[in-house]
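Chemist: dropping the sequence and predicted coords here.
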Amino acid sequence: MKLVITMSRRFGTGASVIAKDLSERLDIPVYDKAYIEHQIGSHKYETEAEAIRELASKPCIILGRCASDILKDRMNVLNIFVCADKEDRIHRIMRLESLSYEDAEEKVKRTDTERAAYYEEHVGKTWGDVNDYHMILDTSKLGVENCADILMHYFEKLEYI
């Protein structure tokens, strides 16, 4: 099966680490905001939705960009939402970006607000609604380092890979 994984996430959950790990194990690319915006900027595609649909014609992982909704009618798409406790996310951002607690807390809050607004504007739905995803991964409970293993086991069990 030509598996396409969309991964929506709260800021600071470690989803990009999970996506990178899966990418290496499955030998498929990860596309994020920067990559998709570059494709539009180089006039390869006119819109993000067009870029996402075309990129999803082959196995890949797409981070954010409302891909879960854009690709919702495709049978080969698995929509994942990655979350974590707010305190864990703040401490992760403090470590990764060498920020104070207050600055990391503000960045987590601001980024989550921006992502929610972006999703609402482009999809007209509430970002993070469990009904829009096939699987929710809580990295506070499962550990960032375990999530790719969990997903690989799931893919093997269902014979996706």
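Modeler: Perfect, thanks for sending it.

Chemist: CA only for contacts and neighbour counts going forward, please
Modeler: Noted.

Chemist: quick check: phi and psi on the closest residue to residue 65 other than its chain neighbours?
Modeler: Closest residue in space to residue 65, ignoring its immediate chain neighbours: residue 33 at 6.6 Å, by CA to CA, 6 or more residues apart in numbering. Phi and psi for residue 33, reported as degrees, to the nearest 10, are phi -50, psi -50.

Chemist: same thing with residue 81?
Modeler: phi -120, psi 130.

Chemist: ok, it touching residue 131?
Modeler: No - counting by CA atoms under 8 Å, residue 131 is not a contact partner of residue 81; they are 10.6 Å apart.

Chemist: pLDDT on the longest helix along the chain, on average?
Modeler: In the chain, with assignment by DSSP state H, the single longest helix is helix 101-123. Regarding helix 101-123, the rounded mean pLDDT is 96.

Chemist: buried stuff in that helix?
Modeler: By 16 or more other CA atoms under 10 Å, the buried positions in helix 101-123 come out as 104-105, 107-108, 112, 115-117, 119.

Chemist: mind giving me the packing neighbours of that helix?
Modeler: helix 86-97 (3 or more CA pairs under 8 Å, 6 or more residues apart in numbering; DSSP states H and E).

Chemist: what are the C-alpha coordinates of stretch 139-147, in PDB please?
Modeler: Presented in PDB, the C-alpha positions along stretch 139-147 are these (Å, rounded to 0.1, in the frame of the first residue of the first chain):
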ATOM      1  CA  THR A 139       4.200  11.800  24.000                       C
ATOM      2  CA  SER A 140       3.900  12.600  27.700                       C
ATOM      3  CA  LYS A 141       2.500   9.200  28.300                       C
ATOM      4  CA  LEU A 142       4.100   7.100  25.500                       C
ATOM      5  CA  GLY A 143       7.500   8.900  25.200                       C
ATOM      6  CA  VAL A 144       8.700  10.500  22.000                       C
ATOM      7  CA  GLU A 145      11.300   7.800  21.600                       C
ATOM      8  CA  ASN A 146       8.500   5.000  21.700                       C
ATOM      9  CA  CYS A 147       6.000   6.500  19.200                       C
END
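
Chemist: before I go, just wanted to say thanks for your time.
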